[in-house]
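Peer 1: 3D, please:
(chains A, B, C and D)
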Protein chains: 2
Amino acid sequence: MKMTIKEIAKLAGVSQATVSKIINNYDDVGAKTKERVLGIMEEHGYRPSYAAQSLVKKVTKVVGVIYAGKINANFNHPFFVDVMSMFKKTMGAEGYDLLFFSNEKFHKNNENYLARCQHYNVDGCIIIGGDEVEPSVYELDQSEIPCIGIDLPLSGKHSGYIMTDNAKISALAVEHFYLLGERNIAFIGGKKTSNISTERLHGFKEVMKTYGLPVKEDWIKHGDFFEESGFIAMNELLEQEECPEAVFAASDLMAMGAVRAIKESGRKIEDFAVIGCDDITASRYIDPPLTTVKQDKDKIGKMAAYVLKDMINNQIEQTSVRVEPELIIRESCSEKKRQLR
Amino acid sequence: MKMTIKEIAKLAGVSQATVSKIINNYDDVGAKTKERVLGIMEEHGYRPSYAAQSLVKKVTKVVGVIYAGKINANFNHPFFVDVMSMFKKTMGAEGYDLLFFSNEKFHKNNENYLARCQHYNVDGCIIIGGDEVEPSVYELDQSEIPCIGIDLPLSGKHSGYIMTDNAKISALAVEHFYLLGERNIAFIGGKKTSNISTERLHGFKEVMKTYGLPVKEDWIKHGDFFEESGFIAMNELLEQEECPEAVFAASDLMAMGAVRAIKESGRKIEDFAVIGCDDITASRYIDPPLTTVKQDKDKIGKMAAYVLKDMINNQIEQTSVRVEPELIIRESCSEKKRQLR
DNA sequence: GAAACAATATAAAACGGTTTCGTTCATATG
DNA sequence: CATATGAACGAAACCGTTTTATATTGTTTC
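Peer 2: Predicted coordinates:
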């Protein structure tokens, strides 16, 4: 059923070498021979074996995808889904397939990322931001394998990263609050150990200072970028004696959780101003439509693909790209809403 | 840097064969030898090459993932994202990694799915429902390669599929409408050529008949399961002289589009009853929270993994699973809402 | 008609593993 | 002591390709 190059060669009455050369577009093959062999290959639906090819060539046309951090985390986070969608599309256009490593296997065999990449001999890989910097990520980062991080600052010679300008994200949010007269502003970030969370928090504190607003440590909470954690964080804020009326959540999902907490506590959502981050698809449909700092997910995915491809083909070194965020004003925090209060 | 089995063997002073046997857990290797070799492997971070292994073994521990239909379609549809998330997790626990085929490559080289699977020698594959049955899918379906379809009825000897009971989905929706007194019910389905769309439409017509309700062809629209198509379909419905007040959309995303169309047309959303399908995460957060027929995405993903695994390991034949849907009542169509009218 | 040159084709070694079948050696058996 | 037994290991063939070096043609050229 499944043909090998040997059988094709026999059928065509030529040597393996000739068939192989046809597959690989060598130019020392006669036109009519080529024609005939091509016909036979087509007829029998022959495809060269990936294993055999990648064993001898050193190229696989496969890139690995690693969701760092908690088991399976981020695979279904809307932000990463959108980024990966564009990444997949762009890499696909260049002829690359994507190998998603299962984290479960890692944990069971106590394996590391580098070993997996070597095992599959991937041309490169993309690492989707984990909560913290695992030793295993560092090892891969420092290796010869080109890799690029999403929301994860890699520093190796053959690495790079793409992420939004995190300080600016916070700046846009706080500035918007400030202009609308909000003064009691809380911050819900991701895990303390996560890099982007740190950058956003730092940016938040900086710009608060710039506007002369006080940063209350009690008003700084940490979640995990998913909805439930925003809900929990907001509940903690609501329980405090002095409760903030403005909340900047470092992800739309957490912002949605915060909104839910406010509603379920019996308070009126109109009395709060909420800004999220990411601009996931859902955010314009929820109630109230969410004001958010948009991350350009398409651009991030595309840039990741371009940079990775460049690293693979041209041994480009250490490239990192910062993408500009953009404020999207909707009703959860807007001028119109302010006037209602 | 990257070690081969030969080098490990030399370092340990044993033959390749012995090292290989240790890797593959043969029992004719002495305990102390094993210990020593294992130590050396560990020390040098040695991992056997996937290519070399899969060349000789016939097993790869990799399963292919195919998004059938339009380029890249469904990769970021929330329903499939959730299903795949659980599928990935479950397969991962069994030691499988997932290879996502790029559709772009398909189209460029005019390749077929079967050829790709053979090229990579995947142990099996999962096909995520396309809009229509492509010849390429049929070919794979009929092949020796175990594959299972999500929302795609495969019929080959080595194939199976998992999907929700589509007729029942429609039945639950219409029944709910009926009990709330709705009589003018429209249907927004997926592509006419898509199987699940056909099943849901058929179920819809059947149950409408059962309740003695008229089925107006003008009130049957077709989208593509994404938001925009629901928006367009609803606008078409609104333009009609006789406009339905109840709409069942075959996906939450289309339902969201329908809601948006109603709002943007200047009508009051309270005057309409909308039911979606899937119960994606966003549906409980939107305005109004969406009444929907829930599909058990976790179960679908899990079952897909179990069945596929079974097919790979035990040559089980043709297994298909129908999963029960469940009505989730929220405010877009509820008793409370009815009383407001 | 011989020499030189292209243009095509092939043989064979690699790539990094697995697995079958022997071989070796120590121990148990009668 | 001769033999059977079994544990531990190794030689070599094989998996399906690519690629280098070499061989075989057929044409020119002088």
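Peer 1: From now on I want contacts and neighbour counts done on CA atoms only, so please keep to that.
Peer 2: Fine.
Peer 1: List the residues that contact A:A186.
Peer 2: A:216, A:219-221, A:244-248 (Cα atoms under 8 Å, 6 or more residues apart in numbering or on different chains).
Peer 1: Quick check on it: phi, psi?
Peer 2: phi -110, psi 160 (degrees, to the nearest 10).
Peer 1: Over to A:T164?
Peer 2: phi -70, psi 150.
Peer 1: I'd like the distance between it and A:K294.
Peer 2: 9 Å (Cα to Cα, to the nearest Å).
Peer 1: Distance from the chain centre to stretch A:136-153, please.
Peer 2: Remark: stretch A:136-153 is offset 14 Å from the chain centroid, using Cα atoms, centre = their mean, to the nearest Å.
Peer 1: mind checking which helix or strand the nearest residue to A:G45 once chain neighbours are set aside is in?
Peer 2: Among residues not flanking A:G45 along the chain, B:A115 sits closest, at 7.1 Å (Cα to Cα, 6 or more residues apart in numbering or on different chains). In this assignment (DSSP states H and E), B:A115 forms part of helix B:113-120.
Peer 1: Return the list of helices and strands in contact with that helix.
Peer 2: If you count contacts as 3 or more Cα pairs under 8 Å, 6 or more residues apart in numbering or on different chains; DSSP states H and E, helix B:113-120 packs onto helix A:50-56, helix B:135-141.
Peer 1: Let's have these in JSON lines, adding mean pLDDT.
Peer 2: Shown next, in JSON lines, are the helices and strands packed on helix B:113-120 (pLDDT from 0 to 100):
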{"stretch": "helix A:50-56", "mean pLDDT": "92"}
{"stretch": "helix B:135-141", "mean pLDDT": "89"}
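Peer 1: quick one, which of those helices is nearest to B:I232?
Peer 2: helix B:135-141 (29.7 Å; Cα to Cα).
Peer 1: Is chain A within reach of that closest one?
Peer 2: No: remark: helix B:135-141 sits outside contact range of chain A, by Cα under 8 Å from any Cα of the partner chain, the gap being at least 11.4 Å.
Peer 1: Just the CA atoms of that helix, as PDB, please.
Peer 2: The C-alpha trace of helix B:135-141 is given here as PDB (Å, rounded to 0.1, in the frame of the first residue of the first chain):
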ATOM      1  CA  PRO B 135     -12.900  14.100  -1.500                       C
ATOM      2  CA  SER B 136      -9.600  14.400   0.500                       C
ATOM      3  CA  VAL B 137     -11.400  13.600   3.700                       C
ATOM      4  CA  TYR B 138     -13.200  10.700   2.200                       C
ATOM      5  CA  GLU B 139      -9.900   9.200   1.000                       C
ATOM      6  CA  LEU B 140      -8.400   9.400   4.500                       C
ATOM      7  CA  ASP B 141     -11.600   8.100   6.000                       C
END
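Peer 1: circling back: toward the C-terminus from the helix holding B:A115, list the very next helix or strand.
Peer 2: Following helix B:113-120 toward the C-terminus (DSSP H and E): strand B:124-128.
Peer 1: For that next one, give me every contacting residue.
Peer 2: Counting by Cα under 8 Å, 6+ apart, B:62-68, B:74, B:80, B:117, B:145-152, B:308, B:312 sit against strand B:124-128.
Peer 1: Which of the residues you listed fall within helices?
Peer 2: B:80, B:117, B:308, B:312 (DSSP state H).
Peer 1: Contact partners for the first one?
Peer 2: Contacts here follow Cα under 8 Å, 6+ apart; on that basis B:F80 touches B:74, B:128.
Peer 1: Tell me how many other residues crowd A:A73.
Peer 2: 18 (other Cα atoms under 10 Å in any protein chain shown).
Peer 1: Please apply the same query to A:K34.
Peer 2: Count around A:K34 with other Cα under 10 Å applied: 18.
Peer 1: is the helix or strand where it lies up against chain B anywhere?
Peer 2: Per DSSP H and E: A:K34 is located in helix A:31-44. No: contact of helix A:31-44 with chain B is not found when judged by Cα under 8 Å from any Cα; the minimum separation is 10.6 Å.
Peer 1: how much space between A:L38 and B:P289?
Peer 2: 58 Å.
Peer 1: Excluding chain neighbours, give the residue nearest to A:Y138 in space.
Peer 2: Nearest to A:Y138 is A:L154, by Cα to Cα, 6+ apart, at 7.9 Å.
Peer 1: for that neighbour, helix, strand, or coil?
Peer 2: coil (DSSP: H, G, I helix; E, B strand; the rest coil).
Peer 1: quick one: contacts for it?
Peer 2: So A:L154 contacts A:138, A:141, A:148, A:160-161 (Cα under 8 Å, 6+ apart).
Peer 1: Out of the residues you listed, give me the two with the largest separation.
Peer 2: Largest pairwise distance in the contacts of A:L154, by Cα to Cα, is 13.4 Å, between A:Y138 and A:Y161.
Peer 1: re earlier: in a markdown table, list the helices and strands packed on helix B:113-120 along with mean neighbour count and distance to DNA strand C.
Peer 2: Formatted as a markdown table, the helices and strands packed on helix B:113-120 follow (neighbours: other Cα atoms under 10 Å in any protein chain shown; distance: least, Cα to the nearest atom of the strand, whole Å):
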| stretch | mean neighbour count | distance to DNA strand C |
| --- | --- | --- |
| helix A:50-56 | 17 | 4 |
| helix B:135-141 | 18 | 26 |
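Peer 1: can I get those in JSON lines with distance to B:M256?
Peer 2: As requested, the helices and strands packed on helix B:113-120 are exported to JSON lines (distance: least, Cα to Cα, whole Å):
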{"stretch": "helix A:50-56", "distance to B:M256": "43"}
{"stretch": "helix B:135-141", "distance to B:M256": "31"}
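Peer 1: out of those helices, nearest to A:T193?
Peer 2: Short answer: helix A:50-56, nearest of those by Cα to Cα, at 38.4 Å.
Peer 1: How about A:F100: which residues does it bridge to?
Peer 2: A:V65, B:L98 (DSSP bridges).
Peer 1: ugh, typo on my part, it should be A:S320
Peer 2: A:Y161.
Peer 1: returning to that earlier point: now a PyMOL select for only the buried ones of the contacts of A:A186.
Peer 2: What follows is the PyMOL syntax for the buried subset of the contacts of A:A186, where burial is set by 16 or more other Cα atoms under 10 Å in any protein chain shown:
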select buried, chain A and resi 219+220+221+244+245+246+247+248
